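Novice: sequence first, predicted model second:
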Amino acid sequence: METFKTHIFSNGLKLIYHEVNHAIASHIAFNIHVGSRDDSETPGMAHCFEHMLFKGTKKRKAYNIINRLEIVGGEMNAFTTKEITVLYASVTHDHFERALELMTDLTFNSVFPDKELVKEKKVISEEINMYLDTPEENIYDEFQEMVFANHPLGPNILGNQESILTVDQSKLFSFHKTYYQPQNIALSISSSIPFKKAIYWIEKHCILDTKNTNIAKRQVFKKYGAKSFVKQTEHIQCHSILGNVCYDFNHPKRIPMLLLNNILGGPGMNSRLNLSIREKFGYTYNIESGYSAFEDTGLFHCYLSTEKKHLEKANSLLLKELKKLREFPLTPIQLKQAISQFKGQISLAEENRLNLILALGKNLVQNYPIESLESALQKVGQITAKELQDIAQEVFEPSQISSLNFISE
């Protein structure tokens, strides 16, 4: 049975610790409760800030940061989402303190050199261009902008070419002072290092004085109306996405929604969308559905790419699968198989300890419940066919579905 130990330090820093026996690797993540929905007037700010964490501290140059863990075979990276920013590292357990000290230095002592900022703006500009050249990524970003129009959840995490140019050193320092404070951060760790020893090292390196952290409350998403848009593109294939807003992270229907999404277009090759559109007709190479839960709302989507001559038929088949789930409850055998598959996927995912601490850290920093694998599997096992059908009737309601199509010229 998995056990997770939690601790809150004197300065408000939170910790969740997964102690494992005989593990060679230690995984450490700093989870900061700030994401692109907190960018305010500068779209892309949180993401740009994440890049700049690696560009220099009060005692290290960018090269020293890059080299610090690499020379001992370790790895370090970071990412930004709509709601959190994460800095994480994996090292052998004998280099645990080295990684912890470095990540603390980056999180709390970055100095954002002007010369490095100039270069990094160019890097981010190229990253934006890369996404614009990747329609399967770009269409999802534009779909979110359409669904969450005039709300902070809408803009692309990367920002845009114009907004990135407005980022300067003073904005970065202000952003750091507001959000990168101990009480706005959760540490999530998986290691064979004894818990008490880890506490000692964290107190040695991470327990800084609490500073002002008057963080503005996030704007709650309330207003949604279904929209449809067609965009002409120069891409060879057509790309199509449709979906609806749905349940936030704490909603009791979140777990059943995850199962329903898994049945419809999850990662398994036996998903309904894959079987009915790719395997049966060969209309697409890439088809999927997804569900993202945020603090105050959620987003369900289905995506496919295909030749222009197959687009109408492929979309028709997709809508037919949504209709089936609305109108016909799963049979006992279908439900049992779907639950068994989902439980297996959850269990296998937890074997990846890095993914585990990233999930735990997200929950802790956003004040979501921390539950064991056994508890999660138990909840999945209690889902009924009636629950799934009720959710399908609500989320897949045709009048509430938004759509976006990239049509090749």
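Specialist: Sure thing, it's come through.
Novice: please report how far the residue nearest the centre of the chain lies from residue 361.
Specialist: In the chain, the centroid-proximal residue (CA atoms, centre = their mean) is residue 81; its distance is 5.2 Å. Distance, residue 81 to residue 361, using CB to CB, to the nearest Å: 12 Å. Bear in mind the C-beta positions are built from the backbone N, C-alpha and C, glycine included.
Novice: tell me how this protein divides into domains.
Specialist: Using automatic domain parsing, the domain ranges for the chain come out as 5-205, 228-408.
Novice: end to end, how far does the longest one reach?
Specialist: Yep, that's domain 5-205 we're talking about. One end of domain 5-205 sits 20 Å from the other (CA to CA, to the nearest Å).
Novice: which residues in the stretch 51-200 of the chain form strands?
Specialist: Ranges of strands in the stretch 51-200 of the chain, per DSSP state E, counting those that start in this stretch, are 75-80, 85-92, 185-191.
Novice: angle of the last one against strand 85-92?
Specialist: With axes from the mean of the first three to the mean of the last three CA atoms, to 10 degrees as the basis, strand 185-191 and strand 85-92 are set at 20 degrees to each other.
Novice: elements contacting strand 185-191?
Specialist: strand 14-19, strand 25-32, helix 195-205, helix 353-365 (3 or more CB pairs under 8 Å, 6 or more residues apart in numbering; DSSP states H and E).
Novice: contacts for the longest one next, please.
Specialist: If you take CB atoms under 8 Å, 6 or more residues apart in numbering as the criterion, helix 353-365 is touched by 4, 6, 14, 16, 18, 20, 23, 25, 27-29, 31-33, 84, 86, 88, 90, 184-190, 349-350, 368-370.
Novice: tell me the buried residues in stretch 155-168?
Specialist: For stretch 155-168, a neighbour-count test (16 or more other CB atoms under 10 Å) marks 155, 156, 157, 158, 159, 163, 164, 167 as buried.
Novice: chain center to that stretch, what's the gap?
Specialist: 20 Å (CA atoms, centre = their mean, to the nearest Å).
Novice: could you do stretch 254-262 as well?
Specialist: The answer for stretch 254-262 is 17 Å, by CA atoms, centre = their mean.
Novice: list the contacts for residue 36?
Specialist: Residue 36 makes contacts with 43-47, 80-82, 152, 155-157, 159, as judged by CB under 8 Å, 6+ apart.
Novice: switch the cut-off to 7 Å
Specialist: Contacts for residue 36 (CB atoms under 7 Å, 6 or more residues apart in numbering) come out as 46, 47, 80, 82, 155, 157.
Novice: distance of the closest residue in space to it that isn't next to it in sequence from residue 99?
Specialist: Leaving aside its chain neighbours, residue 36 sits nearest to residue 157 (4.3 Å; criterion: CB to CB, 6 or more residues apart in numbering). Relative to residue 99, residue 157 is positioned 26 Å away (CB to CB).
Novice: sorry, back to before: from what I see, the residue nearest to residue 36 and residue 47 are in contact.
Specialist: Yes: taking CB atoms under 7 Å as the definition, residue 157 is a contact partner of residue 47 at 5.4 Å.
Novice: okay, and the common contacts of those two?
Specialist: By CB under 7 Å, 6+ apart, the residues touching both residue 157 and residue 47 are 36, 80.
Novice: where does the protein have low pLDDT?
Specialist: Under the criterion pLDDT under 70, the flagged ranges of the chain are 1-2, 208-213.
Novice: dihedrals phi and psi, the residue of it positioned farthest from its centre?
Specialist: Centroid-distance maximum for the chain: residue 309 at 34.0 Å, with CA atoms, centre = their mean. Note on residue 309: backbone dihedrals following degrees, to the nearest 10 are phi -70, psi -20.
Novice: if we can go back for a sec, need the buried residues of stretch 155-168 in JSON lines (columns: distance to residue 387).
Specialist: Formatted as JSON lines, the buried residues of stretch 155-168 follow (distance: CB to CB, whole Å):
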{"residue": "155", "distance to residue 387": "34"}
{"residue": "156", "distance to residue 387": "34"}
{"residue": "157", "distance to residue 387": "32"}
{"residue": "158", "distance to residue 387": "37"}
{"residue": "159", "distance to residue 387": "39"}
{"residue": "163", "distance to residue 387": "42"}
{"residue": "164", "distance to residue 387": "44"}
{"residue": "167", "distance to residue 387": "46"}
